[in-house]
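>>> Below is the structure, and that's it, no one-letter string:
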Ligand SMILES: [Zn+2]
C-alpha cells in the first residue's frame with residue numbers, strides 16, 4: 001500500500017526584513033539654508049547662516 005504523501009510542501013519564505021526604521025535621532029536641517037544644524041547643549045544652530053532654535057522649540 002502506498003501512501004500518497006504529497007511532498008511538495010510549499011515552505012513560506014521567511015524574509016528577514018530589516019527593521020523598518022532604525023531608531024535614529026531626527027536630523028534637523030536649517031529651514032533657511034537646508035544645512036545640517038549643529039547641536040550645542042540645548043540648542044540647534046546653523047553654522048552657515050546663524051539660524052538657531054532651542055530644544056523647547058522642536059520638542
Ligand atoms: Zn542656515
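Okay, I see it. All figures in this text were calculated on a predicted structure; none of them were measured in a lab.
>>> okay, and the helix or strand of the protein with the least pLDDT?
helix 55-58 (a mean of 62; mean pLDDT, DSSP states H and E).
>>> So residue 44: helix, strand or coil?
strand (DSSP: H, G, I helix; E, B strand; the rest coil).
>>> State the number of residues packed around it.
20 (other C-beta atoms under 10 Å). C-beta: built from backbone N, CA, C; applies to glycine.
>>> doesn't residue 29 make contact with it?
No. Look at residue 44 against residue 29 with C-beta atoms under 8 Å: they stay out of range, at 9.6 Å.
>>> mind listing what's buried in stretch 36-45?
37, 44, 45 (16 or more other C-beta atoms under 10 Å).
>>> what's near enough to touch the last one?
Neighbour list for residue 45: 37, 38, 51, 52, 53 [criterion: C-beta atoms under 8 Å, 6 or more residues apart in numbering].
>>> distance of residue 38 from residue 55?
Using C-beta to C-beta, to the nearest Å, one gets 13 Å for the distance from residue 38 to residue 55.
>>> shared neighbours of the two, which are they?
Joint contacts of residue 38 and residue 55 (C-beta under 8 Å, 6+ apart) are residue 44.
>>> Within range of the ion, give me the residues from the protein.
Contact residues (C-beta under 5 Å from the ion) of the chain with the ion: 30, 32, 33, 35, 46, 48, 49, 51.
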